[in-house]
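*Asks:* Predicted coordinates and the sequence they were generated for:
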Amino acid sequence: MLRDKVAVVTGAGQGIGAAIAEVFCANGVKVVLAEIDEEAGREREALLRGKGFDAIFIRTDVADENSVKTMVQETVRIYRKIDILVNNAAIGSTKSIFERTFEEWNKVIQVNLTGPYLCSKYCAKEMIKNPGGVIINIASTRAFQSEPDTEPYSASKGGVVALTHSLAVSLAKYRIRVVCVSPGWIETSLWKKSSLKKEPQLRSIDHSQHPSGRVGDPMDIANLCLFLVDQEKSGFITGVNFTVDGGMTIKMIYEE
Ligand SMILES: NC(=O)c1ccc[n+]([C@@H]2O[C@H](COP(=O)([O-])OP(=O)(O)OC[C@H]3O[C@@H](n4cnc5c(N)ncnc54)[C@H](O)[C@@H]3O)[C@@H](O)[C@H]2O)c1
């Protein structure tokens, strides 16, 4: 039963996080949009509220401990509790290892790995008051395989997979489950804030190279998250990673 559960979804102003917020709201969950981008956060809040859903934007930088603490305090002040956390916010970085600065490396690790750690720490302090909580970490298939010049992103996502089983074991005694979802190629153009929203520009080869025959959609991730936060359906699942990539990482690729 998800009605009246309270979820914090980081980076929910746009992209996959926005789809997760939408699906949660449509199933009666109250959603905090913990987003750094003011424009995206306000717009998503208005959109969800316009549909009659209970959602609120709280400006949050997941890489800043004080910002995370304040977001959790605000959430509890407004909704009295936290049942669900989705660590979705992340940034990318594609640059040669010889050009990327130390600051750029640190920034990606802080947002993508330290962020989920901080949000889990402060949300779990509230979640332990109501057994049955769930933390979902959004990693990436790049935790397991790479294109060139993506070291901090891949390393941060590998860290998120490991953080998942570590937290799952630590928080099990509080009846909190922790799971990981690793998306492959997800086309998010239609889920961007309106100033960035555009029609997807996908070629037929983009779709056909996937064993599934298509590129992923944010709803592919959101629907799995919905299943994973439903205690009655997924209560025996914790500590593991789900790859959602249309089969791309199980495909063997040799040059012809
Ligand atoms: N789209 C894909 O193909 C894909 C593939 C694999 C994994 N992922 C993962 O899915 C998640 C969502 O990706 P997306 O494509 O929807 O990204 P996106 O860029 O569309 O959305 C991410 C959101 O996070 C917010 N954000 C960034 N830094 C933040 C911070 N410090 N604090 C709070 N919010 C912050 C951004 O403002 C943005 O609204 C990420 O964890 C990403 O690594 C995406």
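*Replies:* Looks like it arrived, so ask away.

*Asks:* Tell me the residues of the stretch 101-250 of the chain that contact the ligand?
*Replies:* Neighbours of the ligand within the stretch 101-250 of the chain, by C-beta under 6 Å from any ligand atom: 111, 115, 138, 140, 183, 185-186, 188. All C-beta atoms are positioned from the backbone trio N, CA, C, and that covers glycine.

*Asks:* Tell me which two of those residues sit farthest apart.
*Replies:* G115 and W185 (22.7 Å; C-beta to C-beta).

*Asks:* More neighbours: which of these two?
*Replies:* G115 (29 against 16; other C-beta atoms under 10 Å).

*Asks:* Counting by contacts, list what the helix or strand where that one lies packs against.
*Replies:* Using DSSP states H and E, G115 sits within helix 115-127. Helices and strands touching helix 115-127, by 3 or more C-beta pairs under 8 Å, 6 or more residues apart in numbering; DSSP states H and E, are strand 6-10, helix 65-79, strand 84-87, strand 134-138, helix 151-171.

*Asks:* For the stretch 151-256 of the chain, just list every one of the strands.
*Replies:* 177-183, 241-244 (DSSP state E, counting those that start in this stretch).

*Asks:* which parts of the shortest one are buried?
*Replies:* What that stands for is strand 241-244. 241-244 (16 or more other C-beta atoms under 10 Å).

*Asks:* How about stretch 230-238?
*Replies:* Neighbour count says stretch 230-238 has 231, 234, 238 buried, by 16+ other C-beta under 10 Å.

*Asks:* now swap in stretch 15-28 and tell me
*Replies:* Neighbour-count burial for stretch 15-28 [16+ other C-beta under 10 Å]: 15-25.

*Asks:* Contacts for the helix holding G115 next, please.
*Replies:* 8, 10, 34, 62-63, 65, 68-69, 71-72, 75-76, 81-83, 85, 87, 89-90, 133, 135, 137, 160, 163, 167, 171, 174, 176, 178 (C-beta atoms under 8 Å, 6 or more residues apart in numbering).

*Asks:* In PyMOL, how would I pick out whichever of the residues you listed are buried, leaving the exposed ones unselected?
*Replies:* This is how PyMOL selects the buried members of the contacts of helix 115-127, with burial counted by 16+ other C-beta under 10 Å:
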select buried, resi 8+10+34+62+63+68+71+72+75+76+82+83+85+87+89+90+133+135+137+160+163+167+171+176+178
